[in-house]
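> When you get a sec, could you give me coordinates for this:
(chains A, B and C)
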Amino acid sequence: MTQHSRDMSRRRLLFGGAAVGAGVLLAGCTSNESQPTEAQTKAAGAPGGNSEPGKRVVIGFSAPAADHGWIAAITNNAKAQAGTYSDVEFKSVEAGADAAAQRAALSTLISQKPDVIVLLPHDGKELNAFGLEAMKAGVPVVNLDRAFPDARAYRLQIKGDNYGMGVAAATYMIEQFKAKGVSNPVIGEIAGMDELELTQERSKGFADTLTASGFKVANRRAARFTADSGQQEAAQLLQALPKIDALWNHDDDQGIGVLAAVNQSGRKEFFMVGGAGSKKAMEDIQADNTVLKATVTYSPSMASSAVSLARLIGQGRGMSDLVELQVPKEIILASETITKENAGDYLKLGF
Amino acid sequence: MSEREEETVARPEQQAAAAAHLTPAGTPLVETPADTAAGEVVLRLTDVVKTFPGVRALDGVQLEVRAGEVHCLLGQNGAGKSTLIKVLAGVHRPDSGLVEWRGRPATFANPQAAMRAGIATIYQELDLVEDLSVAENAFLGHEPRRLGFVRRGAMARLTRQILGRLGHAEIPPGRMVRALPAAGKQIVSMARALSHEARLIIMDEPSAVLAHDEVGNLFRIIRELTAQGIAVIYISHRLEEIREIGDRVTVLKDGRTTAANLPARDTPTRDLVSRMTGRTIEYVFPDRPAGAADGAQLLTVEGLTRAGEFADVSLDVRAGEIVGIAGLVGSGRSELLETIYGARRAEAGSVRMAGRALRPGSVGAAVRAGMGMAPEERKSQALLLGEPIYRNVTLATFARYARAGFTDAGRERAEADRIAESLELRPRDVRRPVRTLSGGNQQKVVVGRWLLGDTRLLLLDEPTRGVDVGARAELYQVIRGLAARGVGVLLVSSEVPEVLGLADRVLVMREGRVVREAPAGELDENTVLDLVMAGSLMEGAAA
Amino acid sequence: MSEPLTPTATPERAAQLPAQSPPVDPTETAGAVHKTSAPGRISWWRGEGGEGARRNLGLVGVLVVLVVIGALTRSDLYSNPDWVWDNVLSILKLAAVVGVVTVGMTFVIIGGGIDLSVGAIVALAGVWCTTVATQSYGAGGMIFSALTVGLAVGLVNGLLISYGRLVPFIATLAMLVAARGLAAEISDKQTQVSENGFINGLASNSLLGIPLLVYILAAVVAAGWVLLNRTTFGRRTVAVGGNPEAARLAGINVKRHTVLLYALSGLCCGIAAIMLTAQANSAQAAMANLYELDAIAAAIIGGTLLSGGRGTIIGSLLGVVIFATITNLFAINGLSTEAQNMVKGGIIVAAVLVQQVQFRSLTQFLGRNRLTT
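Model (predicted):
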């Protein structure tokens, strides 16, 4: 950075402010290349397994318009994973802003006659009917993350474990308290959007696990999965709790703001656990120079896995390491705990 | 605010003294001993007073309406007709006085209450919902319903019945009102009145929106209504209509009844006119100096035209001269003034100040060229009511007193103070909000605004509307004083005597055209009234 | 009806109605005027000129009540003076970004408009100034681009409203949607981390114990106050909002001024974008969520008339600080955000109701006062 700014000042002398200004505006408009992180894929590697090319499969994909890094990563991952297979044709439709828009987008997808559909619905309940319809028409549906209530509406469901995230975060904290001999810890929680079921599940897993060990959350603020709301809620929470032992933040994207608030307050007496597992969080954990000591995953890598499994379903093959001849019906990813020790391994899965 | 409360308390004592039905000028009201209309009295107003901040809109109105008659209300603009209608329709509540409806004292808390009591009002701007059907408009607010659902069939049937009564069974109840011509809309308004079983229908200039042959149809309907015992209050500027359809006439002037229950057909026109124009207190106009027409040519307007408003108007104003424009509302006079000022864009013609053409449609250009305007609607077009007096006085000039964009409140107050002193503004504290001033003093603020800076031509649109008599005389002095200093004045007024008394030269406008131009001394009030009212008064006199 | 008919009532009435009654005798009327207006001259504080100041004092009262509630409910925290000072600063920091946006919003509302796009402009300017490319130009480039983007978007709003004759509500609503969309497009829906130490330092550094963000807020508020109360720009704003027709007929260029008002609001959003980026060390398309509503609500409880023509910068600032204090109060008591939002809604309604009652009783009071002197 410093090198950059020194170059900058020399250039400014040469070109003058106005020219630079125009450059800044234009650059802002066009150039953002290095911003998106690399997609998480599993290369078609070892011979003899599922990676061997088979029947040609058309996979239709739909996810809501991304307003958040995690969903953006889902779409990127799915596309990239499909790209690793020579026998997969990937057809993605933009799902718009709500369930109705997604339904409309899906009907155009159906008309392209895909072999399998991979779907991250806006709302599992609202798109249940679509799942049933597609299954009845003989197109297997892979539900990503947001479950259909009706088991006949999907061939495969693959999702993260929100309750488990809370459990993992609490478990890590309890271990730390034991190791440090803290008997009466002050615990803070920065949740995500409170109106979402997944936020409630995460908080419940967290609270249940803490209660089992006789601990409780001292103060909980709900942010909105954005960095600026994370900063504001964290700043207030720190104000409310002059001394903290541990802080769980549900989401690493909003965690950028939470960490900023922590830095701005100059507080260092506690450790923080993140959520979801962004690349930035993993790097911070590895560098070990912030209060962020761990994060519990809710990985968008599930989109890559979903595409791989959709291919197998389309080809009628099972998972090569399993005995079953077909892909299982339900896969729930375990929420893993990433710490300084294993961050290096997980870095490639960060989004 | 509470000034008025105080006044209402004072009123009852005065009412006793008012029993003698005297106009302030001392002339007794004309009471016709043998009323032509035989029905019972349905509505009687005694000494009704209504004040608004700064204005006494109604100042002792007497009115008596009988069942089955067409009672005409006559009066110049600003005489209080509209306020009176609104009092009857429940929009305003009188400050004092007695309203008796069908023999019992009544106050209508809101328009719905008046409707329920059986008083329906058909405003000039018809208050219909354009995107609802004829039937829905007719029964708006009291739709026949069962269990909360509108009975559409019944509503359509009833509407058809009413339209039949009005002689217009051909209008389909399901038609959107938007699709109807003006005359049709008026029928719907009347249908609404009948749907409420109105006993009294007030019609505010109903013929204004109609073509000539449609007026005959309107009269037929009115006759049918009165034959059913319904009373009609009919308001019109057109004397010929009053003579044709009216039974009795009540004349208003300055918010007071100057004559009641005159026979509509046989009262001589000069009587009616003198009741409308008769000065309650003679206005004192300043002397007209000789040689006003000798100043340098200041404003030159040539062939100015805006379709539907005015056409091919040419006029000029010299420095130090007061030019008056007489005409009715709707004659295009206000629009003409606003176009000269650049507030509207002319479609043809030119405006020049001291020989230089002005950019059309630009108020800024007009102001820079030295024009100033006191618009017709003081409150809605000229004043920031909540702001202090001095900021209203300097509204057009504050930028001149500013240094590098920073305003100089001290200097502004000093300048405004100077203006307030020279105009004898009361109260004089220029930091008061302008809202607290009376109408006359508010008008002084508006005029005073243009005394700052270098205004060379002042456009005045109804400068004395809603201004009480005393303040009027002062305003006249101010205007004449300006002219004496070499400012040119172009004055528009509905009050003919004002134009005649104040101006050096008079232009009469009718239907968008200048029909007469003459030095003020060569015209009299009747001649001008005759011209502005499309000759109808003189025809009426001949009949 | 005429006054001379009631001789007993006349002298009284002449005294009570100096300006309105016809001059029965000029000298007498003039005398009456003198009697009433000279001693009846109301002091600035009790008069309408002091209305804004009185209203603001009411808001300070609300603030005091909130602080007292905080002190009573968390006496353990409030017993520590260091913590109390820290808490005051944390409230001001919380208010800083919305406060800057609200200053611009106050101008727009006084000028008779509304700007629903402020949150979206903050997001767009924030995202624009944190792209990799922009960040390569350093803090100067980031600040320049945020301010320029804010100003430009505001200008577009103003042009659409003034010359495109769109209703402000519609024009800025459209801009809200479009600007968020563009922000999402540029950022590719990612959270863009600010790596710039100077920018991030704006939120973490202090001068003389007071955070830099608070200085920025103070500077914007001070500039806004001067602009509104001491310049021709401010005067035009009040005129254009209070009575656009009167302003136009007085020769003020209403259209041009309207454009400038929205541009000013956009500029404030640009400043706010830098502050928010500094606070969150990042920017994203979804940031500054619903700031438009926060800013409008703050302006309204601060006494700005939604129909235009009246409002104070200090009132708006107090409105923002009151909201921040409520958030703080709920946070330190560990109460839920839902309850907090309900209380905020209640405060908005209560503030407007109280103002109406205040205003009504004030005019009555003035009327009575004038009659008795």
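> Tell me who's in contact with residue C:351.
Residues near residue C:351 by CB atoms under 8 Å, 6 or more residues apart in numbering or on different chains: C:59, C:62, C:300, C:301, C:319. From N, CA and C alone the C-beta is placed, and that goes for glycine too.
> one more time with 10 Å
By CB atoms under 10 Å, 6 or more residues apart in numbering or on different chains, the contact list for residue C:351 reads C:55, C:58, C:59, C:62, C:297, C:300, C:301, C:302, C:303, C:319, C:322.
> and of those, the nearest to residue B:170?
When the contacts of residue C:351 are ranked by distance to residue B:170 (CB to CB), residue C:300 comes first, at 52.6 Å.
> and that closest one, how far is that from residue C:323?
Residue C:300 sits 11 Å away from residue C:323, going by CB to CB, to the nearest Å.
> shared neighbours, these two?
Common contact partners of residue C:300 and residue C:323 (CB under 10 Å, 6+ apart): residue C:348.
> need the contacts of residue C:351 in a markdown table with pLDDT and neighbour count, can you?
As requested, those are arranged in a markdown table below (pLDDT from 0 to 100; neighbours: other CB atoms under 10 Å in any protein chain shown):
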| residue | pLDDT | neighbour count |
| --- | --- | --- |
| C:55 | 78 | 21 |
| C:58 | 83 | 17 |
| C:59 | 87 | 22 |
| C:62 | 87 | 20 |
| C:297 | 93 | 23 |
| C:300 | 90 | 22 |
| C:301 | 89 | 27 |
| C:302 | 90 | 28 |
| C:303 | 87 | 27 |
| C:319 | 94 | 32 |
| C:322 | 93 | 25 |
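> From those residues, which land in helices?
Among the contacts of residue C:351, the subset assigned to helices under DSSP state H consists of C:55, C:58, C:59, C:62, C:297, C:300, C:301, C:319, C:322.
> Check whichever residue of chain B sits closest to chain C and give its pLDDT.
Across chain B, the shortest distance to chain C (CB to the nearest CB) belongs to residue B:60, at 2.8 Å. For residue B:60, the pLDDT comes out at 86.
> Next: residue A:239.
We have a pLDDT of 93 for residue A:239.
> Same question for residue A:284.
91.
> Residue A:255 is in contact with that one, correct?
Yes. Under the criterion of CB atoms under 10 Å, residue A:284 makes contact with residue A:255 at 8.8 Å.
> between the two, which one's more packed in?
residue A:255 (31 against 24; other CB atoms under 10 Å in any protein chain shown).
> from what I can see the more buried one touches residue A:292, true?
Yes. Using CB under 10 Å, residue A:255 is in contact with residue A:292, at 7.1 Å.
> Now do the shared contacts for these two.
What both residue A:255 and residue A:292 touch, as defined by CB under 10 Å, 6+ apart, is the set A:249, A:262, A:272, A:273, A:274, A:280, A:281, A:284.
> Throw the residues you listed into JSON lines and include distance to chain C, thanks.
Formatted as JSON lines, those follow (distance: CB to the nearest CB, whole Å):
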{"residue": "A:249", "distance to chain C": "13"}
{"residue": "A:262", "distance to chain C": "10"}
{"residue": "A:272", "distance to chain C": "15"}
{"residue": "A:273", "distance to chain C": "19"}
{"residue": "A:274", "distance to chain C": "13"}
{"residue": "A:280", "distance to chain C": "6"}
{"residue": "A:281", "distance to chain C": "11"}
{"residue": "A:284", "distance to chain C": "11"}
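> In helices, which of the residues you listed appear?
Per DSSP H, these map to helices at A:262, A:280, A:281, A:284.
> Report the spatially closest residue to the third one, excluding sequence-adjacent ones.
If I follow you right, that is residue A:281. Leaving aside its chain neighbours, residue A:281 sits nearest to residue A:252 (4.0 Å; criterion: CB to CB, 6 or more residues apart in numbering or on different chains).
> Counting neighbours, what do you get for that neighbour?
Around residue A:252 there are 30 residues (other CB under 10 Å).
> Residue B:259: which of the ones in helices among the shared contacts of residue A:255 and residue A:292 is nearest?
Nearest member of these to residue B:259, counting by CB to CB, is residue A:262, at 86.9 Å.
> what's the distance between that closest one and chain B?
Using CB to the nearest CB, to the nearest Å, residue A:262 is found at 44 Å from chain B.
> For the helix or strand where residue C:69 lies, buried residues please.
Here residue C:69, judged by DSSP states H and E, is contained in helix C:51-73. Judged by neighbour count (16 or more other CB atoms under 10 Å in any protein chain shown), helix C:51-73 contains these buried residues: C:51, C:52, C:55, C:56, C:58, C:59, C:62, C:66, C:67, C:70.
> What is the burial count for the closest residue to the second one other than its chain neighbours?
Yep, that's residue C:52 we're talking about. Closest residue to residue C:52 apart from its sequence neighbours, by CB to CB, 6+ apart: residue C:312 at 4.5 Å. Residue neighbour count, defined by other CB under 10 Å, stands at 23 for residue C:312.
> surely residue C:312 meets residue C:298?
No. Judged on CB under 10 Å, residue C:312 makes no contact with residue C:298 at a distance of 12.0 Å.
> Phi and psi next, for residue B:491.
Torsion angles at residue B:491 (phi, psi; degrees, to the nearest 10) stand at phi -120, psi 130.
> list the contacts for it?
B:317, B:322-326, B:337, B:374, B:458-464, B:479, B:498-499, B:502-503, B:506 are the contacts of residue B:491 under CB under 10 Å, 6+ apart.
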